[in-house]
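>>> just coords:
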Ligand code: HEM
């Protein structure tokens with residue numbers, strides 16, 4: 001495996017760190033940090049929108065570097081690749097989960113997260129807040145599983 005492979009995995013890894021780190025930073029640091037702030041909603045909106053943009057960029061980058069990881073590792077990517085060997089099977093599962101993550105992120109970012117902030121002023125946003133929280137948590141969990149599957153793939157898996 002050449003330098004290109006290591007650079008590709010490095011970028012993949014950094015994007016995963018950025019995306020997962022951002023998902024943790026928002027609820028653990030920003031939300032409680034702004035709790036008493038008079039301009040809380042506007043600040044949450046602005047920071048949320050900024051992270052939404054970079055989050056989707058990171059997902060796009062993860063998808064691209066996922067393929068370059070395989071390419072530079074010299075994998076012969078075909079349909080059999082996803083069924084005939086352990087590495088390919090883990091990557092197949094990763095791809096399925098990735099589609100789920102895209103759907104969950106879209107629902108969280110463009111529906112519940114948005115609505116929770118939009119309806120905040122009216123004071124009846126409990127439902128949207130709850131849904132935004134749960135879709136966010138589920139996405140974080142999926143992200144951890146993705147990282148673990150990547151680690152299994154690169155180190156030969158457990159089966
Ligand atoms: C939410 C999205 C993703 C996250 C958080 C993620 C995370 C990771 C992590 C942490 C690793 C471990 C690297 C290592 O320990 O060596 C990895 C490896 C890997 N990922 Fe992803 N990944 C994501 C999406 C994808 C996608 C969409 C693909 C396929 C198109 C992909 C393909 C791979 C491959 C092939 C490896 C193994 C690299 C090797 O052969 O050493 N990943 N991923």
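In hand now; what should we look at? It should be emphasised that the depicted structure is a prediction, and the values quoted were computed from it without experimental measurement.
>>> Which neighbouring elements make contact with the lowest-mean-pLDDT helix or strand in the chain?
One helix or strand of the chain scores below all others by mean pLDDT, DSSP states H and E: helix 113-118, with a mean of 81. If you count contacts as 3 or more C-beta pairs under 8 Å, 6 or more residues apart in numbering; DSSP states H and E, helix 113-118 packs onto helix 40-72, helix 126-154. Backbone N, C-alpha and C define where each C-beta goes, glycine included.
>>> Check which helices and strands the last one sits against.
Spelled out, that is helix 126-154. With contacts defined as 3+ C-beta pairs under 8 Å, 6+ apart, helix 126-154 has these neighbours: helix 3-25, helix 86-106, helix 113-118.
>>> Can you point out the buried residues in the first one?
Neighbour counts using 16 or more other C-beta atoms under 10 Å place 5, 8-9, 11-13, 15-16, 18-20, 22-23 of helix 3-25 among the buried residues.
>>> and the residues you listed near the ligand, which?
On the criterion C-beta under 6 Å from any ligand atom, 9, 12, 13, 16 are the entries of the buried residues of helix 3-25 that sit beside the ligand.
>>> sorry, back to before: and residue 44, which of the helices and strands packed on helix 126-154 is closest to it?
When the helices and strands packed on helix 126-154 are compared for distance to residue 44 using C-beta to C-beta, the nearest one is helix 113-118, at 6.3 Å.
>>> The closest one: how far from the chain's middle?
20 Å (C-alpha atoms, centre = their mean, to the nearest Å).
>>> same question, stretch 65-78
Offset of stretch 65-78 from its chain centre (C-alpha atoms, centre = their mean): 21 Å.
>>> Residue 107 - how many residues pack around it?
When neighbours are defined as other C-beta atoms under 10 Å, residue 107 has 16 of them.
>>> same check, this time on residue 148
The local packing of residue 148 (other C-beta under 10 Å) involves 12 other residues.
>>> what about it, distance to residue 90?
Applying C-beta to C-beta, to the nearest Å, the value for residue 148 to residue 90 is 10 Å.
>>> I'd like to know how far the closest residue to residue 58 other than its chain neighbours sits from residue 101.
Take residue 58 and drop its neighbours on the chain: the residue closest to it by C-beta to C-beta, 6 or more residues apart in numbering is residue 19, 4.2 Å away. The span separating residue 19 from residue 101 equals 10 Å under the rule C-beta to C-beta.
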